[in-house]
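Undergrad: turn this into a model:
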Amino acid sequence: DARAALAAAERVVRTGRAVAGGGEGTLRIACAETMTAGLLAPVLRAWHRHRPEVLITLTETTSADALAEALEAGEADVAAGPRPSRWTGPAELVGREEIVVALAADHPLATRATVPMSALAGIPVVHYHRDNGLGGWLDQEAARRGTALEAVMRTKQAATAAQLAAAGLGVALVPTTALTRTFAGALRRLAPALHRDVVTFTATPSDSLVRRFSSDVRQRGLTVPGVLLDKLSAAVR
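TA: A predicted model of the protein is given here:
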């Protein structure tokens with residue numbers, strides 16, 4: 001019995017040291033659904049390879065404020081996504097992502113090098129479900145630029161909005177993080193350009209796993225694949 005108790009105590013010490021060093025434990029991540037493929041997937045792949053003892057769970061949301069709620073409710077350890085409107089704790093900037101116009105390759109607006117928000121007035125827009133915070137923010141930005149977006153249909157997912165626009169159902173305003181290298185439609189920048197901050201934030205900044213993960217995400221940063229950059233500059237003449 002004494003030897004079993006000592007062995008158990010030694011396991012507790014080893015586990016504590018491993019957790020303190022970021023080598024073992026559980027990390028619960030909440031992220032915006034647009035962040036998974038482009039930003040988090042490479043980081044998570046590296047963690048799975050180099051820290052297999054860390055159990056990771058991932059929860060995706062369509063609202064930045066839902067990320068803050070998950071932290072406040074103790075349902076997540078760290079969040080990554082657009083800066084939430086109601087978060088008062090610390091947040092660390094990962095980068096600024098651009099919102100671009102996704103549309104079919106033969107859409108009349110595809111002949112333009114850039115698209116002003118006013119050009120979207122009166123044309124069908126593949127918009128976002130009201131549960132998706134991106135939709136409300138885009139409506140505010142459009143109104144600020146003197147335009148109202150007319151939804152032909154709504155979806156909760158930015159990647160789905162881009163694909164529906166490419167199929168000719170309308171145009172969509174999509175974060176570059178939601179686009180894949182295989183996107184088949186056309187892409188154009190807004191004029192003037194529209195960006196939003198992407199941050200990591202947590203209610204437990206002293207947690208070693210959280211600190212290490214947040215650092216890795218910031219080091220990865222926001223990147224746009226070259227094939228998408230080519231699409232953004234390939235106006236039809």
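Undergrad: make it CA atoms for all contacts and neighbour counts henceforth
TA: Fine.
Undergrad: now S215. Its backbone dihedrals?
TA: Backbone geometry at S215, expressed as degrees, to the nearest 10, gives phi -60, psi -40.
Undergrad: count of neighbours near it?
TA: 15 (other Cα atoms under 10 Å).
Undergrad: tell me how far the residue nearest to the spatial centre of the chain lies from G81.
TA: When Cα atoms, centre = their mean is applied to the chain, the residue found nearest the centroid is M35 (2.5 Å). Distance from M35 to G81, counting by Cα to Cα, to the nearest Å: 7 Å.
Undergrad: overlap in contacts of the two?
TA: The contact sets of M35 and G81 do not overlap (Cα atoms under 8 Å, 6 or more residues apart in numbering).
Undergrad: thinking again about what came up before, now the residue nearest to the centre of the chain, what's its secondary structure?
TA: Following DSSP: H, G, I helix; E, B strand; the rest coil, the label given to M35 is helix.
Undergrad: for L58, same thing?
TA: Going by three-state DSSP: L58 is strand.
Undergrad: three-state assignment of the closest residue to it other than its chain neighbours?
TA: Using Cα to Cα, 6 or more residues apart in numbering and skipping residues adjacent in sequence, the residue nearest L58 is I29, 4.9 Å away. For I29, the assignment made with three-state DSSP gives strand.
Undergrad: list the residues that contact I29.
TA: I56, T57, L58, T59, A76, D77, V78, A79, A80.
Undergrad: now render the residues you listed as JSON lines, adding pLDDT.
TA: Below are these laid out as JSON lines (pLDDT from 0 to 100):
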{"residue": "I56", "pLDDT": "96"}
{"residue": "T57", "pLDDT": "96"}
{"residue": "L58", "pLDDT": "96"}
{"residue": "T59", "pLDDT": "95"}
{"residue": "A76", "pLDDT": "95"}
{"residue": "D77", "pLDDT": "96"}
{"residue": "V78", "pLDDT": "96"}
{"residue": "A79", "pLDDT": "97"}
{"residue": "A80", "pLDDT": "96"}
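Undergrad: can you flag the buried ones in those?
TA: Buried subset of the contacts of I29 (neighbour count, 16 or more other Cα atoms under 10 Å): T59, A76, D77, V78, A79, A80.
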